[in-house]
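Q: I need the structure of the sequence given here:
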Amino acid sequence: MSIEYFSDIEFVCHGDLRRSPTVTCRSDFDYWGLQFSRRGHFMLKVNDNIEYTRDACVFVTAPGMSFVYGAADPAEGIEDKIYICFKGDRVQRYLAGGLLIERSTNVLIHLNEPDKFMRKMRSIRTLLMLPYSPENHARAVLALEELLLMMQAADTSGVHRADERFQAFSHLTEKISSRPELHWDFEKEARKLSVSYAHFRRLFEQFFQVPPGAFLLAARLEKAAALLSGTALQIREIAHECGFEDEFYFSRIFKKYRKSSPKAYRENAR
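A: Below you'll find the model as predicted:
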């Protein structure tokens, strides 16, 4: 996959305030941002909805809404306030797929691993402060998507969305199992779910314990075994029916994973 794949998102600005007593008022965002606070009494007002919390929270700023946020007590302030802002076509896919959520109530997300989250945000800022390169940009995008996944895991209101994503992956594996002979483009499937291929692969392995390519191969070999034991098709025909263009490659792979040649497997199955 070309690193140009990550060029559809732009990092607009970023910052890291070790201590901040101030309150920010904005209603003119034309980009999205992750706003993180590690310690202190935090106040957030989105449109007319006010929330307060202490320590380790993150929320999303977005166009079209009014935000007032910062230290609830200026004398006390907040510590380790970090923000990373971005925009682009990829963000629209995040929104469509539920990886990034815009909302005006229950906005503050309390993190399960705030220090890990903080380190990841600072690693992105380090990449952005280095001289620009496509490689550094791609790494920053992948790290941003990891932050969004961490937020989703910590967001109790995101349980239903996570279940929907698992159902989407389950539906995909059912389609693969029913037609493993087809040419499956997993980068295309990732785009359908509005995530990068790297995170598609990571989620696939999380749900099914194997990468998508290995699942496809297993599905093809499973169909081949069924055809060997249940039909009189020639081995070259079975190879073609299961998505293998070369009969000899099919026989080699079948023996590697099934510990038996196709011919021997058929004979033992009778």
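Q: what does the helix or strand where Ala225 lies rub up against?
A: Take DSSP states H and E as the rule and Ala225 turns out to sit in helix 212-230. By Cβ atoms under 8 Å, 6 or more residues apart in numbering, the residues outside helix 212-230 that reach it are 173, 176-177, 180-181, 184, 186, 189, 200-201, 204, 208, 210, 233, 235, 238-239, 241-244, 250, 253-254, 257-258, 262, 265-266, 269-270. From N, CA and C alone the C-beta is placed, and that goes for glycine too.
Q: just checking, what packs against the helix or strand bottoming out on mean pLDDT in the chain?
A: Least confident helix or strand of the chain, by mean pLDDT, DSSP states H and E, is helix 159-178 with a mean of 77. Using 3 or more Cβ pairs under 8 Å, 6 or more residues apart in numbering; DSSP states H and E as the contact test, the elements touching helix 159-178 are helix 134-154, helix 197-208, helix 212-230.
Q: which residues does Ser104 contact?
A: 46-47, 49, 65 are the contacts of Ser104 under Cβ under 8 Å, 6+ apart.
Q: and if you look at Val23?
A: 43, 68-71, 74.
Q: buried residues in stretch 123-137?
A: Buried residues in stretch 123-137, counted by 16 or more other Cβ atoms under 10 Å: 124-125, 127, 136-137.
Q: And the helix or strand that comes right after the least confident helix or strand of the chain, what's buried?
A: Next along the chain after helix 159-178, taking DSSP H and E as the criterion, comes helix 186-192. Buried residues in helix 186-192, counted by 16+ other Cβ under 10 Å: 186, 189-190.
Q: In CSV: those, plus distance to Gln167 and pLDDT.
A: Shown next, in CSV, are the buried residues of helix 186-192 (distance: Cβ to Cβ, whole Å; pLDDT from 0 to 100):
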residue, distance to Gln167, pLDDT
Phe186, 18, 93
Glu189, 14, 90
Ala190, 16, 86
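Q: Show me which of these is closest to Ser7.
A: Ala190 (16.2 Å; Cβ to Cβ).
Q: low-scoring stretches of the stretch 1-150 of the chain, by residue?
A: 1-3 (pLDDT under 70).
Q: In it, what residue spans correspond to strands?
A: 10-20, 23-26, 32-46, 49-54, 57-61, 67-71, 78-87, 109-110 (DSSP state E, counting those that start in this stretch).
Q: Let me have these in TSV, extended by distance to Ala224.
A: Shown next, in TSV, are the strands of the stretch 1-150 of the chain (distance: least, Cβ to Cβ, whole Å):
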stretch	distance to Ala224
strand 10-20	47
strand 23-26	59
strand 32-46	47
strand 49-54	56
strand 57-61	47
strand 67-71	57
strand 78-87	46
strand 109-110	47
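Q: Could you tell me which of the contacts of helix 212-230 count as buried?
A: The buried subset of the contacts of helix 212-230 (16+ other Cβ under 10 Å) comprises 173, 176, 180, 184, 186, 189, 200-201, 204, 208, 235, 238-239, 241-244, 250, 253-254, 258, 262, 265-266.
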